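# My questions concern the predicted model and sequence given below.
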Amino acid sequence: MKKLIALFLVTALFSCSSDELVENASAKDQLSVLDGDMLSFKDEESFVKEYDELASLNKNELKDWVSAKKMTSLLNTLHDDTDMEEDVIPDSRIIYSDALKSILNADSKVKVNGKVLWLNERSFYLLSEVDSHKNTRELIDNIGELQVYGSLLNISSSGKSSTSRTAFPNENGIKTFVSDEINVSGSRLRHVLDLYNETIVLNDIVQSSKMYLRTTLQYRSCSTFRCTWKEAMNERRLSSSLSCASCEQGVATFWYIYNVSPYVITGTQTFLVGNWYMANYVVANPYVKYPASGLVTCSIEGVVPTPQISLNVSWY
């Protein structure tokens, strides 16, 4: 009996040790860890690598990833569809990718290489130890005293960025395409596509530049006083035929073009449709245009015959 008990204890101890080793190895393989209420990356390279991996995930997969990190992220708290309620959608919107929103916490903070960064509109600010504990309202009140560490840069008419660096031709622009409304089972629907760029610059180095396509199906909602457009949750399939004319002619653009897989989606979803491959850029012209264009079709499920809404999109 004593031998059996001893054997049981040794087995249990070995099992616990194995579990700890697996857990430690798993933590070591992670690009980011939770540090307080924000994610922490050892360096810019780890930050960009995690961002690259998340960029190809859909919203449900990203929510699962955030949940596993045990963090309240910007993805869970930011609702940026209120500026899409009117018939005319403004051009001056700022859209963050779901991948970036997943990395940032609810206060838009992240730690990279021991530095706490806070994203406000288009700028990453470097926060001191004291400022890192302040909420968004407090930071905005003292924003003039904060140091800018990086940017999500805007296109300027002069072709130069605010840092006098040659502007990336696409950087952080947004082009919005809105369909005519259609009637589906008594509901007035329209399809909104946002084709946009997200170029991340940290420490004056272009870390990443990607093109995203965001799809939102909306229904017309009317009250006594006004009518607005609200997010519709109809099941639908999205397909695209984006192509790059200059790529087909054999001219190197250093952009990878992706098309949308037609699986069933609901709500607002974001798809990665372009990735700037920086490893082989031409030194004389590192900022190459994204010349993709094509047809994007939204097919609404559950109705026979299937209603389809098609939009031609083009970055230029």
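Arrived safely.
# Quickly note the distance from the residue lying closest to residue 233 once chain neighbours are set aside to residue 152.
Of all residues not flanking residue 233 in the chain, residue 266 sits nearest, at 5.1 Å (C-beta to C-beta, 6 or more residues apart in numbering). Bear in mind the C-beta positions are built from the backbone N, C-alpha and C, glycine included. Using C-beta to C-beta, to the nearest Å, residue 266 is found at 28 Å from residue 152.
# Comparing those two, which residue is more hemmed in?
residue 152 (19 against 15; other C-beta atoms under 10 Å).
# Looks like that one contacts residue 200 (just checking).
Yes: with contact defined as C-beta atoms under 8 Å, residue 152 reaches residue 200; the gap is 6.4 Å.
# Next secondary structure element downstream of the strand ranked longest in the chain?
In the chain, taking DSSP state E as the definition, the longest strand is strand 205-222. As assigned by DSSP states H and E, the chain's next helix or strand after strand 205-222 is strand 227-231.
# Contacts for that next one, please.
Under the contact criterion C-beta atoms under 8 Å, 6 or more residues apart in numbering, strand 227-231 has outside partners 81, 84-87, 190, 216-222, 267-268.
# What is the nearest of these to residue 127?
Distance to residue 127, by C-beta to C-beta, is smallest for residue 81 among the contacts of strand 227-231, at 28.7 Å.
# Could you report the neighbour count for the closest residue to the closest one other than its chain neighbours?
Nearest residue to residue 81, sequence neighbours excluded (C-beta to C-beta, 6+ apart): residue 231, at 5.9 Å. Applying other C-beta under 10 Å, we find 17 residues neighbouring residue 231.
# do the same with residue 63
16.
# And it, its phi and psi?
phi -60, psi -40 (degrees, to the nearest 10).
# do you know how far residue 68 is from residue 39?
For residue 68, the distance to residue 39 - C-beta to C-beta - is 12 Å.
# pLDDT wise, what is residue 165 at?
pLDDT for residue 165: 46.
# Okay, now the unreliable bits of the protein?
Within the chain, the stretches with pLDDT under 70 are 1-29, 153-172, 245-254, 278-290.
# Spatially central, which residue of it would that be?
residue 97 (1.9 Å; C-alpha atoms, centre = their mean).
# residues touching it, list them.
55, 198, 210, 212, 270.
# how about the helices in the stretch 1-150 of the chain?
For the stretch 1-150 of the chain, the helices defined by DSSP state H, counting those that start in this stretch occupy 2-29, 44-55, 59-69, 74-77, 98-103, 136-141.
# what is residue 197 paired to in the beta sheet?
Assessed by DSSP bridges, residue 197 has beta-bridge partners residue 211.
# what about it, how many neighbours?
Neighbourhood size, residue 197 [other C-beta under 10 Å]: 25.
# wait, it sits on residue 213?
No: counting by C-beta under 8 Å, residue 197 sits too far from residue 213 to count as a contact (11.1 Å).
# Which residues are in contact with residue 42?
Going by C-beta under 8 Å, 6+ apart, the list of residues near residue 42 reads residue 113.
# Pull up the gap between it and residue 101, please.
Distance, residue 42 to residue 101, by C-beta to C-beta: 22 Å.
# More neighbours: which of residue 68 and residue 39?
Set residue 68 next to residue 39 and count neighbours by other C-beta under 10 Å: residue 39 wins out with 25 against 8.
# My guess is residue 189 contacts residue 178. True?
No: contact criterion C-beta under 8 Å: residue 189 and residue 178 do not qualify, at 11.6 Å.
# Can you pick out the residue with more neighbours from those two?
A direct count of neighbours by other C-beta under 10 Å for residue 189 and residue 178 places residue 189 higher, at 22 against 18.
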